[in-house]
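Trainee: next comes the sequence, and after it the predicted model I'd like to discuss.
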Amino acid sequence: MDDYPLLNLFWTMLWLFLWVMWFFLLFKVVTDIFRDHGLGGWAKAGWLVLVLVLPYLGVLVYLIARGKSMSARDAKHAKEHEEAVRQYIQKTAGSGSNSVDDLSKLAELKDKGHITPEEFQRAKTKLLA
């Protein structure tokens with residue numbers, strides 16, 4: 001253990017953490033470049049070349065120039081995703097309640113005499129299938 005002191009272990013862990021954070025930030029910027037529908041193809045290519053050829057300077061310039069809109073795009077994407085999940089849940093959970101509503105409407109039509117009991121049974125069987 002004398003070959004690698006505790007302080008060196010701390011510095012190694014710090015540099016590893018910063019390295020991982022750097023790649024996270026780089027991937028976040030590249031993802032944001034492709035997610036932005038306001039940028040044209042040439043602008044996306046320019047930003048991508050800058051970020052990949054001069055990564056430290058490119059990411060720094062990108063964050064300064066487009067950092068605020070980057071968070072707005074993230075919020076918009078999160079809101080769209082949440083809305084899609086909500087619609088899916090409503091559609092999936094709502095299918096059972098529609099059958100119940102349809103059955104109550106059929107029973108009401110049968111009670112009022114608008115459909116025969118045989119028609120009611122056929123429609124009920126079709127709904128429950």
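Mentor: Received, thanks.
Trainee: distance check, the residue in the chain sticking out farthest from the centre against F23.
Mentor: Going by Cα atoms, centre = their mean, the residue of the chain most distant from its centre is G113, 50.2 Å out. Separation of G113 from F23 (Cβ to Cβ, to the nearest Å): 72 Å. Where C-beta positions appear, they are placed from N, C-alpha and C, glycine not excepted.
Trainee: do V100 as well
Mentor: On the measure of Cβ to Cβ, V100 and F23 end up 52 Å apart.
Trainee: now T12
Mentor: For T12, the distance to F23 - Cβ to Cβ - is 17 Å.
Trainee: for R86, same thing?
Mentor: According to Cβ to Cβ, R86 stands 33 Å off from F23.
Trainee: could you do L57 as well?
Mentor: From L57 to F23 the distance is 17 Å (Cβ to Cβ).
Trainee: and for L39?
Mentor: L39 is 23 Å from F23, by Cβ to Cβ.
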